[in-house]
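With the sequence up front, the predicted model follows.
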Amino acid sequence: MNVEGQEGARPIDIPDDAVVVRQSNWAWMWAAAPWVVLFGVSIAIDFITFGILPLVFAAVFIVPRYLSFRRTAYILTERYVIIQQGALMGQHRIDLPIADVNDVLVHPGTFGGVLGYTGVNLQLKDGRMAFLRYVPLASPLVEHVRARMSP
């Protein structure tokens with residue numbers, strides 16, 4: 001989602017009673033699974049570099065995905081959904097007023113229903129979309145936003 005209008009804007013203060021929704025563990029495991037398998041195979045058959053190559057794989061591919069997962073959160077207040085997107089070097093924050101949300105679309109995807117996560121798209125009144133990925137099914141995010149949307 002573009003952050004037009006957010007440049008130079010002071011971020012809102014997060015109240016103590018805000019609900020923090022973290023991504024499902026599958027958010028990092030799906031992306032890192034092929035690299036974990038490759039890491040395991042290379043440990044088993046790596047006799048040329050004596051374990052250096054698997055450590056490089058872990059440092060370059062697995063660790064950044066895990067760190068960005070740990071730094072991502074969706075914070076729910078009475079008037080805002082604060083999206084903190086994690087990255088290797090910090091976070092990117094978007095303060096999204098719930099009054100600007102026009103519709104909430106939920107789509108669990110192929111494996112989401114079975115594994116307990118879903119994707120949530122927040123459609124804004126100006127046509128933009130905010131994509132929230134790997135939201136746990138048990139989280140209050142969808143109900144919270146729908147209850148506070150203007151009709």
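Everything's here; your move.

Got the confidence number for residue 46?
Residue 46 is assigned a pLDDT of 64 by the prediction.

typo on my end, it should be residue 78
Per the predicted model, pLDDT is 94 at residue 78.

The residue nearest to it when sequence neighbours are not counted - how many residues pack around it?
In space, and not counting its chain neighbours, residue 78 is closest to residue 148: 7.0 Å by C-beta to C-beta, 6 or more residues apart in numbering. All C-beta spots, glycine's among them, are computed from the backbone N, C-alpha and C. Neighbour count of residue 148, defined by other C-beta atoms under 10 Å: 17.

Just list the residues touching residue 148, thanks.
Shown in contact with residue 148 (C-beta atoms under 8 Å, 6 or more residues apart in numbering): 78-79, 98.

Go through the residues you listed and name the one nearest residue 110.
Set against residue 110, the nearest of these by C-beta to C-beta is residue 98 (29.3 Å).

what sits against that closest one?
79-81, 145, 148-149.

cool, residue 83 as well?
1, 74-75, 93-94, 96, 130, 132 are the contacts of residue 83 under C-beta under 8 Å, 6+ apart.
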